[in-house]
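J.: coords please:
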Amino acid sequence: MNSLLLWAHRLRWGLLLLLPACTDPYLPEAIQSPPSYLVVDGFINSKGVTTIRLSRTYAVGSRTAPPVEPRATVYIEEEAGPRTLLREAPTGTYTSPTALPLNPAKRYRLHLNTLSGQEYASDFVPVKNTPPIDDFGWRAEDSGVNIRLSTHDPANATRFYRWDYVETWEINPIYRPQVEYKAGTLDFPDLKVPFPNKCWGNAPSTTVLLTNTTPLSQDVVADRVLRVLPPTSDRINTRYSMLIQQYALTKEEFAYWELLRKNTESIGSLFDAQPVQLTGNVHCLNAPAELALGFVGAHSVVEKRLFVDRRDLPQAWPTPTGYEACYPPDTVWITKPPLKFPLQALASYFGPTGVLIPIATIYNGGIEGYTGQTPDCIDCRKRGSAVKPSFWP
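T.: Residues are numbered from 1 along each chain as shown. You can find the predicted model right below:
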């Protein structure tokens with residue numbers, strides 16, 4: 001995952017010196033102007049389309065997206081065999097034209113040339129076949145929704161596993177506006193921009209999930225807990241889904257991800273291990289001293305999806321909406337002195353910029369006030385997408 005690789009880089013170059021009675025951070029030159037190293041994110045898919053993302057490391061304090069590496073020449077190379085060129089689309093992302101069934105008796109690597117003339121290659125690696133997922137489900141326990149997975153390899157040939165996942169959940173805003181206040185004007189009763197009554201949030205996994213079965217006599221992963229959603233999570237308010245991706249790794253690739261996990265997760269106290277330099281199996285051929293981040297393996301990927309419906313969870317659990325901070329709403333009364341004019345009242349209370357969206361409140365056949373909230377409390381597109389996913393029931 002590119003974000004994890006970049007985080008590891010930040011740890012490598014962005015450590016702060018903390019001393020007793022000292023509050024000033026230590027900011028060496030490496031933090032303010034770090035080297036621009038290549039980051040290679042992806043793997044060679046042995047049974048599908050290969051996608052590789054190229055980017056560069058960047059400063060710790062930067063709030064922009066990582067700079068991508070455009071217009072590189074990237075291809076998959078079989079040892080003592082042919083090569084397949086990857087196409088760039090979008091910028092910085094390189095994809096094989098079709099699925100590439102790899103020969104399990106051969107070894108493969110990624111080879112690339114940047115626009116600036118640097119040549120990189122990963123080590124040749126064997127092809128790993130990822131076994132199927134036996135069971136992927138969830139259980140409601142005291143801790144919350146426990147999402148679990150079981151798998152095994154009857155040939156005892158996998159032993160090293162990694163998982164990624166993507167979460168999707170339904171978002172239902174708690175307000176239904178009838179009027180929009182924007183730039184000193186009112187749109188009532190028909191809004192020029194309709195506010196959806198349902199959206200879908202989406203988020204990738206942010207932790208490194210690994211398992212090693214070498215201590216076991218059989219290559220079996222049983223009831224591995226991948227995620228725990230507490231009862232207070234708004235993601236299980238209505239309906240929740242997870243897409244899991246399983247990968248079989250070599251021992252070397254597993255060691256790389258394990259080091260990455262320790263670098264990103266075990267940094268909470270003074271007694272944790274210090275982060276170490278993370279590189280991988282990608283090397284600069286025409287400048288050996290130039291570092292590169294990433295590990296390019298060759299394996300297949302297995303996917304499965306599950307759904308969690310609120311109706312199947314314990315009734316005693318709370319039903320958080322994610323909009324708790326939006327209640328109670330603010331109200332402006334326009335029929336009581338000194339607020340006699342609707343637009344002036346709204347402008348004096350919500351401001352003239354239109355950043356707040358009020359909801360009309362009607363009493364006794366007339367409008368006496370407006371109940372308003374911020375766009376984040378009204379427009380669920382601030383928290384997700386109004387486009388229904390194709391896999392959603």
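J.: for the stretch 201-350 of the chain, which spans come out with low pLDDT?
T.: By pLDDT under 70, the weakly predicted segments of the stretch 201-350 of the chain are 266-277, 334-350.
J.: quick one: the strands in it, in order.
T.: 209-212, 220-229, 239-248, 282-284, 292-293, 298-299, 301-309, 330-333 (DSSP state E, counting those that start in this stretch).
J.: which one of these lies closest to Asn113?
T.: strand 282-284 (10.8 Å; C-beta to C-beta). Heads up, the C-betas are built off the backbone N, CA and C, glycines and all.
J.: that closest one pairs with which strands, and in what direction?
T.: When pairs are called by DSSP bridges, strand 282-284 turns out to pair with strand 119-122 (antiparallel).
J.: next helix or strand past the partner strand?
T.: On the C-terminal side of strand 119-122, the nearest following helix or strand under DSSP states H and E is strand 125-128.
J.: next SSE after that next one?
T.: strand 133-141.
J.: go ahead and measure how far that following strand is from the middle of the chain.
T.: 22 Å (C-alpha atoms, centre = their mean, to the nearest Å).
J.: about what we covered before: quick one: the strands of the stretch 201-350 of the chain as JSON lines, columns for mean neighbour count and distance to Trp317 too.
T.: Converted to JSON lines, those look like this (neighbours: other C-beta atoms under 10 Å; distance: least, C-beta to C-beta, whole Å):
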{"stretch": "strand 209-212", "mean neighbour count": "16", "distance to Trp317": "25"}
{"stretch": "strand 220-229", "mean neighbour count": "16", "distance to Trp317": "11"}
{"stretch": "strand 239-248", "mean neighbour count": "21", "distance to Trp317": "13"}
{"stretch": "strand 282-284", "mean neighbour count": "18", "distance to Trp317": "46"}
{"stretch": "strand 292-293", "mean neighbour count": "22", "distance to Trp317": "42"}
{"stretch": "strand 298-299", "mean neighbour count": "26", "distance to Trp317": "39"}
{"stretch": "strand 301-309", "mean neighbour count": "16", "distance to Trp317": "12"}
{"stretch": "strand 330-333", "mean neighbour count": "16", "distance to Trp317": "30"}
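J.: ok, which of the ones you listed comes nearest Trp257?
T.: It's strand 209-212; of the strands of the stretch 201-350 of the chain, that one is closest to Trp257 (C-beta to C-beta) at 5.7 Å.
J.: just to revisit the earlier point, can the strands of the stretch 201-350 of the chain go into CSV with extra columns for distance to Pro70?
T.: Formatted as CSV, those follow (distance: least, C-beta to C-beta, whole Å):
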stretch, distance to Pro70
strand 209-212, 31
strand 220-229, 35
strand 239-248, 27
strand 282-284, 18
strand 292-293, 17
strand 298-299, 25
strand 301-309, 26
strand 330-333, 47
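J.: for Pro35, what is the enclosing helix or strand?
T.: Element membership for Pro35, per DSSP H and E: none, as it lies in no helix or strand.
J.: leaving out the residues flanking it, which one is nearest to it?
T.: Thr57 (7.0 Å; C-beta to C-beta, 6 or more residues apart in numbering).
J.: again with Tyr58
T.: Pro66 (5.6 Å).
J.: pretty sure the one you found belongs to a strand, no?
T.: No. Applying DSSP: H, G, I helix; E, B strand; the rest coil, one finds Pro66 to be coil, outside a strand.
J.: Ala157 contacts Asp219, doesn't it?
T.: Yes. If you go by C-beta atoms under 8 Å, Ala157 and Asp219 touch, sitting 7.1 Å apart.
J.: contact partners for Ala252?
T.: Not Ala; residue 252 is Glu. 125, 281, 295 (C-beta atoms under 8 Å, 6 or more residues apart in numbering).
J.: do that again at 10 Å, thanks
T.: 123, 125, 160, 280-281, 295, 297 (C-beta atoms under 10 Å, 6 or more residues apart in numbering).
J.: could you save these as TSV and add columns showing distance to Lys304?
T.: Listed next are these as TSV, based on distance: C-beta to C-beta, whole Å:
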residue	distance to Lys304
Asp123	30
Val125	25
Phe160	19
Gly280	28
Asn281	28
Phe295	24
Gly297	21
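J.: number of nearby residues for the residue nearest to Pro35?
T.: The local packing of Thr57 (other C-beta atoms under 10 Å) involves 23 other residues.
J.: so, low pLDDT: which residues of the stretch 1-150 of the chain?
T.: Ranges of the stretch 1-150 of the chain meeting pLDDT under 70: 1-34, 60-61.
J.: just the helices in the stretch 251-393 of the chain please.
T.: Secondary structure of the stretch 251-393 of the chain by DSSP state H, counting those that start in this stretch: the helices cover 251-265, 342-350, 375-378.
J.: in the first one, what counts as buried?
T.: Buried residues in helix 251-265, defined by neighbour count with 16 or more other C-beta atoms under 10 Å: 253-254, 256-264.
J.: I appreciate the help and will end here.
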